[in-house]
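Student: need a structure here:
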Amino acid sequence: MNDTEREAVILNSAWEMIDGMVNWAMFEKTDRTELSNLWFPTGQHLQLFLILLADFLSLPRAFKGKPVPLGLRDPPSNTTPANLTFLFHLRYVCANPILGKDTSGLNSAVEAFANWLECEFVAEAVNLHDIDAVLDLKVSRIQYIKMCGDIAKHNLARLEANVSKLRRLLATAGHDVDESAAYLAIPTFFEWFENIFIYHSSQIAEFLNNIRWEIYWYLQPEFRRSYHRKEGWTESHPWYAYHVPELIKQPVAYAMYWDAMNRARSTPFVQRFSISDSMKIRY
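Tutor: Okay, the predicted model is just below:
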């Protein structure tokens with residue numbers, strides 16, 4: 001897959017993933033033009049958002065020696081945590097734009113989220129009553145989100161890696177436990193940090209929505225170049241097509257280019273918003 005095809009895949013995939021997370025089915029719909037906070041209708045919506053976000057904060061991986069799917073690249077070794085998420089691919093587009101020219105807005109939106117994710121905070125007096133421990137846990141935002149996403153998605157039998165991570169967090173806080181005790185602590189760890197995630201979720205949605213809007217603006221010049229009405233176009237039969245770049249030949253990239261252009265036909269369905277500062281000062 002060449003760079004033009006790869007960019008179409010990256011941009012459409014990112015937009016599609018964000019559409020699945022930041023929408024008015026996932027959050028309570030409001031008639032307010034200015035949003036200061038967002039709410040999940042149910043706990044199931046919260047857990048679905050968390051699972052989808054954890055997927056976004058992961059990378060497609062090669063399987064049994066095969067190339068990474070969709071022609072995507074692997075991040076460099078010994079890289080930063082944000083480069084082990086889909087943000088790595090968006091950073092690649094920002095550094096090597098093809099379908100558009102100005103990536104300044106997209107780059108700012110991506111870097112703002114990456115920097116936020118990599119920051120650490122201390123959750124004070126975390127009560128892990130299943131192992132009779134109350135601890136101050138220092139953790140990065142990206143680490144606890146990915147751990148909680150895995151816990152929400154999998155049963156205990158598939159959480160060995162997260163059990164190891166929790167043991168390291170507890171050891172850093174001065175409380176060494178064996179593997180069995182760490183398994184016992186998983187539910188209460190999730191319960192405690194799920195509440196922190198509820199506090200963070202509105203700000204995360206703002207970051208994601210900003211990325212989506214910047215992808216939209218980045219693609220507007222290409223959309224205007226590419227979109228055209230087909231012969232026989234009428235108001236009742238609005239037939240249209242796109243002048244797909246000649247370098248896009250792979251069927252999956254061709255389809256994703258079309259999808260990206262169709263998304264670019266109208267503005268994102270969640271307006272720009274900025275969450276209240278009172279929902280950004282903790283953790």
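
Student: can I assume H228 sits in a helix?
Tutor: No: secondary structure of H228 (DSSP: H, G, I helix; E, B strand; the rest coil): strand, not part of a helix.

Student: so it is in contact with H243, correct?
Tutor: Yes: H228 is within contact range of H243, at 6.5 Å (criterion: CB atoms under 8 Å). All C-beta spots, glycine's among them, are computed from the backbone N, C-alpha and C.

Student: could you measure P238 against R167, distance?
Tutor: Using CB to CB, to the nearest Å, P238 is found at 59 Å from R167.

Student: who has more neighbours out of these two?
Tutor: Each of P238 and R167 has its neighbours counted (other CB atoms under 10 Å); R167 has more, 19 against 9.

Student: excluding sequence neighbours, find me the nearest residue to the more buried one.
Tutor: Spatial nearest neighbour of R167, excluding adjacent residues (CB to CB, 6 or more residues apart in numbering): A182 at 4.7 Å.

Student: what residues are up against the residue with the largest distance to the centre of the chain?
Tutor: Distance from the C-alpha centroid of the chain peaks at G232, with 40.8 Å (CA atoms, centre = their mean). Contacts here follow CB atoms under 8 Å, 6 or more residues apart in numbering; on that basis G232 touches W239.

Student: distance-wise, check it relative to Y240.
Tutor: 11 Å.

Student: ok, now how distant is the residue nearest in space to the middle of the chain from R6?
Tutor: In the chain, the centroid-proximal residue (CA atoms, centre = their mean) is F56; its distance is 3.7 Å. Going from F56 to R6 by CB to CB gives 18 Å.

Student: what does D259 give?
Tutor: Spatial separation of D259 from R6 under the definition CB to CB is 15 Å.

Student: same deal with L50?
Tutor: Going from L50 to R6 by CB to CB gives 29 Å.

Student: neighbour count for those two, which is higher?
Tutor: Legend: neighbour count by other CB under 10 Å for L50 and R6, higher for L50 (26 against 22).

Student: quick check: which ranges of the stretch 1-150 of the chain have low pLDDT?
Tutor: Along the stretch 1-150 of the chain, the parts satisfying pLDDT under 70 run over 32-33, 62-65.

Student: where do the strands sit along it?
Tutor: Assigned by DSSP state E, counting those that start in this stretch, the stretch 1-150 of the chain shows strands spanning 120-128, 133-140.

Student: the longest one: which residues count as buried?
Tutor: Within strand 120-128, the residues that qualify as buried are A123, V126, L128, counting by 16 or more other CB atoms under 10 Å.

Student: I'd like to know which elements that strand is packed against.
Tutor: Strand 120-128 is packed against strand 133-140, helix 179-226, with contacts defined by 3 or more CB pairs under 8 Å, 6 or more residues apart in numbering; DSSP states H and E.

Student: same question for the shortest one.
Tutor: Judged by 3+ CB pairs under 8 Å, 6+ apart, strand 133-140 is in contact with strand 120-128, helix 160-172.

Student: reformat the ones you listed as a markdown table; add distance to V110.
Tutor: A markdown table is the format used below for the helices and strands packed on strand 133-140 (distance: least, CB to CB, whole Å):
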| stretch | distance to V110 |
| --- | --- |
| strand 120-128 | 20 |
| helix 160-172 | 25 |
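
Student: closest to L72 out of these?
Tutor: Nearest to L72, of all the helices and strands packed on strand 133-140, is helix 160-172, at 22.4 Å by CB to CB.

Student: who touches the closest one?
Tutor: Contacts for helix 160-172 (CB under 8 Å, 6+ apart): 133, 135, 137-139, 143, 147, 150-151, 176-177, 179, 182-183, 185-186, 189.

Student: from the chain's centre, how far out is it? Work that out for me.
Tutor: Chain-centre distance of helix 160-172: 24 Å, with CA atoms, centre = their mean, to the nearest Å.

Student: now do the buried residues in that helix.
Tutor: N162, V163, K165, L166, R167, L169, L170.

Student: and what of stretch 149-160?
Tutor: Here stretch 149-160 shows G149, D150, I151, A152, K153, L159 as buried, counting by 16+ other CB under 10 Å.

Student: is the second one in contact with Q143, as I believe?
Tutor: Same thing as D150. No: contact criterion CB under 8 Å: D150 and Q143 do not qualify, at 11.0 Å.

Student: identify the contacts common to those two.
Tutor: Residues touching both D150 and Q143 (CB under 8 Å, 6+ apart): there are none.
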